[in-house]
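[1] Turn this into a structure:
(one chain, ligands or ions: 1)
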Amino acid sequence: MAYAADAPPNIRTPSGEAFTRWLAVVLTVVIFAGGLFGYDQGVISGALPGLKADFSLSLLMVQVVTSWVTLGALAGSLAGGVLGDWIGRKRTLLFAGALFALGAAVQWLAPGVAVLVAGRFIVGVAVGVAAVAAPLYAAELAPANFRGRFISSYQLAITAGIFLAYLVNAQLSASADWRLMLGAAAIPGLGLFAIALVAPESPRWLMVKNRRGDAATEMNKIQPGVDVDRQLDSIQTALRQGERAAPWGEIFYHEWRRPLVVAVGLAVFQQITGINAIIYYANQIFASAGFATEAARATVTTWAIGGVNVLATLIAIAFIDRIGRRILLLAGLIGMGASLAVVGAAFQFIAPEGEIAAAAGPTTAGIVTVIALVVFITSFAFSLGPVTWTVINEVFPARVRGRGVAFATAVNWGSAYLVSQFFLSLVDAIGSSLTFFLFALFCAVGWAWVYCVVPETKRQSLEQIQHMWAARGG
Ligand code: BGC
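    Coordinates of the predicted model:
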């Protein structure tokens, strides 16, 4: 996400009303982008029952409808970096906002499954583009001491988006109005478009494009009264000192191997430990656990998954810079692995989904499942959720940061796609119990990997992190 180098010196000593107003604009952009990402992830869990009823979806099509957002996001995250460099940060965000609205409208009006899947894919591309462009924009404009909080705010916005989607799902569960659930994302999409319209272009990008006059105009807007020429000169110097983006191939050079392994490894473990199987299919998991009515399922999904996810992310924001990334990751992975093992064990006692209608309410095993999933979500939300994005953004040296982050983001969505595409098939083939045991096993492997490979980066400047890699031999 954080594409370019550290915040330019021009905005390191912020103050005044103009700065505050502008900071609010940048934060709003990040919050809209993260919120839309979350909303589009969370909403499908509530839309599926209505979709299945209207279109008689096969198991394969349920997974396609669910997972094509992630497939689109994979493409969008690769395109987002290139687009941001080409047409600028601001216009890329405008493009993402418009695409969100378009994708939501296509889903809303979809006459059949093919159009619906196209709408899902369009929204996915928007998610991917915004997920690279918004934090990149923020990273270029944020003063260094705000950067960490901006990244955590992005994750907080994702969880708030998921929560909001669950609330909408619960509200509409009785009517199963999937068109409204999916179409409602058009409104924040237009919101992102509107806020991007008034947002300033990044002076740093304008300088890369040799548009010093425009850069001066934007900088004047952001901080009226500063010595613009001096600020632009220092950006110019930083650019000359080799901060220009490296070509794609360079991220695979031997010298960047370690940060690449750390970023990609976290991106993969964040997904293969099962978070989105639960975010997307929560409703169905709770159905199997004995929550017989749609309303009961919607309530438990909203609060046990959505609400807990938001609250536990606040823990990470409070502690990520104090106790550090490694401890959060190691503690979180223990909680995730243990709770998934409990879910796996509970499913040994749970009847197949087809039999739930006969059940009077959630069984003991069902209640154990809910408690274990709350522990799982809490553990994820204070560890692999936000820490992954933070570390991905800080481990790469400036020269390859943009491409490195875009690559790791794409790998994250590739992994999310695989999990959401094959989760139900896996459950079908080996059963829920073994599937959750498998996720638990990945947590154990992830723990050992984090212990051996991921360094502590708390309170280090990006340059210190770069030196650390050099000292460790590339
Ligand atoms: C992940 C998403 C996930 C979300 C859940 C994010 O960090 O990248 O895939 O749905 O957390 O809160």
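
[2] Okay, helices next: where are they in the stretch 201-350 of the chain?
    Listed in chain order, the helices of the stretch 201-350 of the chain (DSSP state H, counting those that start in this stretch) span 203-208, 212-222, 228-238, 257-272, 275-288, 294-300, 308-319, 325-346.

[3] which residue packs closest to the closest residue to the ligand within the chain, ignoring adjacent ones?
    When scored by C-beta to the nearest ligand atom, the chain has residue 385 as its residue closest to the ligand, at 4.3 Å. Glycine gets a C-beta too; all of them are placed from N, C-alpha and C. Nearest residue to residue 385, sequence neighbours excluded (C-beta to C-beta, 6 or more residues apart in numbering): residue 155, at 5.7 Å.

[4] And the one you found, what's its pLDDT?
    Model confidence at residue 155, given as pLDDT, is 86.

[5] That one contacts residue 35, correct?
    No. With contacts counted by C-beta atoms under 8 Å, residue 155 stays clear of residue 35, the gap being 11.2 Å.

[6] and the stretch 251-400 of the chain, which of its residues are near the ligand?
    By the rule C-beta under 6 Å from any ligand atom, the part of the stretch 251-400 of the chain lying against the ligand is 270, 275, 276, 279, 309, 385.

[7] Filter the residues you listed down to the buried ones.
    270, 275, 276, 279, 309, 385 (16 or more other C-beta atoms under 10 Å).

[8] And these, which is the shakiest by pLDDT?
    pLDDT is lowest at residue 279 among those; the value there is 85.

[9] for the stretch 101-250 of the chain, which spans come out with low pLDDT?
    Scanning the stretch 101-250 of the chain with the threshold set as pLDDT under 70 gives 142-149, 238-239, 241-246.

[10] Show me what from it comes close to the ligand.
    155, 158, 159, 162.

[11] Specify the local secondary structure of the third one.
    Reducing the assignment at residue 159 to three states with DSSP: H, G, I helix; E, B strand; the rest coil gives helix.

[12] My read is that residue 320 contacts residue 458, right?
    Yes. Residue 320 is within contact range of residue 458, at 7.2 Å (criterion: C-beta under 8 Å).

[13] Of the two, give the one with the bigger neighbour count.
    Between residue 320 and residue 458, counted using other C-beta atoms under 10 Å, the more crowded position is residue 320 (23 against 17).

[14] mind listing what the more buried one touches?
    By C-beta atoms under 8 Å, 6 or more residues apart in numbering, the contact set of residue 320 is 148, 152, 328, 386, 387, 390, 458.

[15] What separation do you get for the third one and residue 472?
    Taken as C-beta to C-beta, to the nearest Å, the spacing of residue 328 relative to residue 472 amounts to 22 Å.

[16] same question, the last one
    Distance of residue 458 to residue 472, given as C-beta to C-beta: 17 Å.

[17] do the same with the fourth one
    Plainly put, residue 386 is 25 Å away from residue 472 if you go by C-beta to C-beta.

[18] ok, these two, which is more surrounded?
    Taking neighbours as other C-beta under 10 Å, residue 386 and residue 472 compare with residue 386 leading, 29 against 9.

[19] is it true that the more buried one touches residue 155?
    Yes. Taking contacts as C-beta under 8 Å, residue 386 lies within contact range of residue 155: 4.1 Å.

[20] what sits in contact with each of these two?
    313, 316.

[21] Tell me the helix or strand right after the lengthiest helix in the chain.
    What stands out as the longest helix in the chain, according to DSSP state H, is helix 16-55. For helix 16-55, the following helix or strand on the C-terminal side (DSSP states H and E) is helix 59-87.
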